[in-house]
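Asks: Here is my input, please return the structure:
(4 chains)
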Number of protein chains: 2
Amino acid sequence: MIRITIFEDNDPLRQLLAAVLNASNAFTLAGAYPDATDILNDLKQEQPDMVLMDIDMPGVSGLQALKMIKQFNPVIKVVMHTVFEDNDKIFESICAGADGYLLKSATEQELLQSLLQVHAGGAIMTPSVARKVLTLFAKFAPAKKGEEYNLSDREKDVLRLLIKGYSYKMVAAELNLAVETIRTYIKRMYEKLQVHSMSAAVAKALKEGLV
Amino acid sequence: MIRITIFEDNDPLRQLLAAVLNASNAFTLAGAYPDATDILNDLKQEQPDMVLMDIDMPGVSGLQALKMIKQFNPVIKVVMHTVFEDNDKIFESICAGADGYLLKSATEQELLQSLLQVHAGGAIMTPSVARKVLTLFAKFAPAKKGEEYNLSDREKDVLRLLIKGYSYKMVAAELNLAVETIRTYIKRMYEKLQVHSMSAAVAKALKEGLV
DNA sequence: GTCCCTGTCCCCCAAAAGTGGACTTGCCCA
DNA sequence: TGGGCAAGTCCACTTTTGGGGGACAGGGAC
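Replies: You can find the predicted model right below:
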């Protein structure tokens, strides 16, 4: 039996969820609270395997609660539960280590199914949320690799060090080369990248995912 | 009826998929191919609403095919289909705009269900893939932690321009200020960021999502 | 009121960065 | 088999930065 704790400020909904989970033969309710004010104590006492967390709660928000849970014990799976598809909240939840993001519009079947899959080590999102995640992802990550600047190995070495804030001297020391040599690498690199300063090169490298 | 085209080099599997899709009353098979060598022509002739794409095919890979489809017509939904949970391929697929990423271990029910949800505008991933995506996401995205450097508005302005490769002079010109003023901002900023060069400041700003 | 942060400006000076050559070594290739 | 060419090594010269000072007005904070 999977021990699960619910945080949900809406009384009827919380009772419904509790009933649904208790009725299933896979879950046993460890606890059900209308808010997360005393969450750490609740968790310590009940030791749930997972938590179903409403995002919008008075007092401690679901997001804060999520962070506290993951800090307390990252093994506890946390599924966020909300009516809104708010990009920022989705984004924050994911970054805070949420294991799932379900809309309240999901059916009981879907909910149970999803919770089981999370317990099995997966992560779940309703398709509309998944769409947003993928969109966000594609926007954030795509260090577009399209541009190929043909930097030589040495040039990339140098670039990596520049990104760490090294000066010509420090790079030279690090690579056991003369400073003058470094100057040339950088010079040629600037030509390839079409920049004229370290900061521009570093910015380009980080933004386009070179190195 | 949703028009769908299949690319799958494994003959029995392709035939099975075709049969399953044809048997459902939601889909109609627009085409089924063992490879994507002539994909653009295939798409032009059949005008499918969506594509189920095997990733590992001889000749044109599923990844390449995905990119071609999205370039040809981004409206066509593409669901990637594979046996492997390969991080790189997941990553690339997402960045190339895939609308879903299904493992071949999914049941027929799940497959049909998922394709329907994609057609409805969602995105789908098997839970294990979703887990990887979330992990990648949390790693890639915004290291924007609580680090607060208390940069003033002007300092942030300057920082933004430095990231664009501007020199002190250019920043001064852009903001209609004396170069000496810019020097002061940058000096104070360096102290706050605890760096000693433009490149280090730019790197820090980009890595930690300041500005 | 005084203290401290911001915004604006100034000087000086040493160090670092940016640019223009120049030389050697390989390697590709015609 | 000699020319071209990218990469690796180095020097000289000019500009830009970085870090050290100060100055002064306006605004909150205390």
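Asks: Contacts only, for A:Leu102.
Replies: Counting by C-beta atoms under 8 Å, 6 or more residues apart in numbering or on different chains, A:Leu102 touches A:79-82, A:110-111, A:114, A:124-126, A:129. Using the backbone N, CA and C atoms, a C-beta is placed for each residue, glycine as well.
Asks: so which of those residues is the most crowded?
Replies: A:Met125 (29 neighbours; other C-beta atoms under 10 Å in any protein chain shown).
Asks: The closest residue to it other than its chain neighbours is in what secondary structure piece?
Replies: Of all residues beyond its chain neighbours, the one nearest A:Met125 is A:Tyr101 (4.9 Å), with distances taken as C-beta to C-beta, 6 or more residues apart in numbering or on different chains. Assigned by DSSP states H and E, A:Tyr101 falls within strand A:100-103.
Asks: One more: A:Gly31?
Replies: Using DSSP H and E, A:Gly31 maps to strand A:27-33.
Asks: from memory A:Gln47 sits against A:Ala30, does it?
Replies: Yes: the criterion here is C-beta atoms under 8 Å, and A:Gln47 meets it with A:Ala30 at 7.3 Å.
Asks: The two: which has the busier surroundings?
Replies: Using other C-beta under 10 Å, the more surrounded residue of A:Gln47 and A:Ala30 is A:Ala30, with 21 against 11.
Asks: residues shared between the contacts of A:Gln47 and A:Ala30?
Replies: Common neighbours of A:Gln47 and A:Ala30, using C-beta under 8 Å, 6+ apart, are A:Arg3.
Asks: Can you get me a residue count around A:Gln71?
Replies: 11.
Asks: That one: helix or strand, and which one exactly?
Replies: Going by DSSP H and E, A:Gln71 is in helix A:62-72.
Asks: just the angle between that helix and strand A:27-33, please?
Replies: 120 degrees (axes from the mean of the first three to the mean of the last three C-alpha atoms, to 10 degrees).
Asks: tell me the mean pLDDT over the next helix or strand after helix A:62-72?
Replies: Downstream of helix A:62-72, the next assigned helix or strand under DSSP H and E is strand A:77-82. For strand A:77-82, mean pLDDT rounds to 94.
Asks: does any bit of strand A:77-82 sit next to chain B?
Replies: No: remark: strand A:77-82 sits outside contact range of chain B, by C-beta under 8 Å from any C-beta of the partner chain, the gap being at least 10.6 Å.
Asks: strands paired with that strand, and their directions?
Replies: Applying DSSP bridges to the sheet, strand A:77-82 is found paired with strand A:50-54 (parallel), strand A:100-103 (parallel).
Asks: Would you agree the residue nearest to A:Met125 is in contact with A:Thr126?
Replies: Yes: counting by C-beta under 8 Å, A:Tyr101 touches A:Thr126, with 7.2 Å between them.
Asks: Kindly report the residues of chain A close to DNA strand D.
Replies: A:150, A:152-155, A:177-178, A:180-181, A:183-185, A:188, A:197 (C-beta under 7 Å from any atom of the strand).
Asks: ok, 6 Å please
Replies: A:150, A:152-154, A:177-178, A:180-181, A:183-184, A:188 (C-beta under 6 Å from any atom of the strand).
Asks: what two of these are the furthest from one another?
Replies: Farthest-apart pair in the residues of chain A next to DNA strand D is A:Asn150 and A:Ala178; separation 23.9 Å (C-beta to C-beta).
Asks: Compare these two and say which is more crowded by neighbours.
Replies: A side-by-side neighbour count of A:Asn150 and A:Ala178, using other C-beta under 10 Å, places A:Ala178 first with 10 against 6.
Asks: quick one: the more buried one from DNA strand C, how far?
Replies: The gap separating A:Ala178 from DNA strand C is 11 Å, by C-beta to the nearest atom of the strand, to the nearest Å.
Asks: Could you find the closest non-adjacent residue to that residue?
Replies: A:Ala172 is the one closest to A:Ala178 (C-beta to C-beta, 6+ apart), at 6.2 Å.
Asks: Following element in sequence after whatever helix or strand the one you found lives in, please.
Replies: Here A:Ala172, judged by DSSP H and E, is contained in helix A:168-175. Downstream of helix A:168-175, the next assigned helix or strand under DSSP H and E is helix A:179-193.
Asks: Tell me if A:Pro12 really is in a helix.
Replies: Yes: counting by DSSP: H, G, I helix; E, B strand; the rest coil, A:Pro12 is found in a helix.
Asks: since we're on it, how many residues are nearby?
Replies: Using other C-beta under 10 Å, A:Pro12 is surrounded by 8 other residues.
Asks: In this structure the residue nearest to A:Ala178 contacts A:Arg183, no?
Replies: No: using C-beta under 8 Å, A:Ala172 is not in contact with A:Arg183; the gap is 9.0 Å.
Asks: Many thanks, have a good one.
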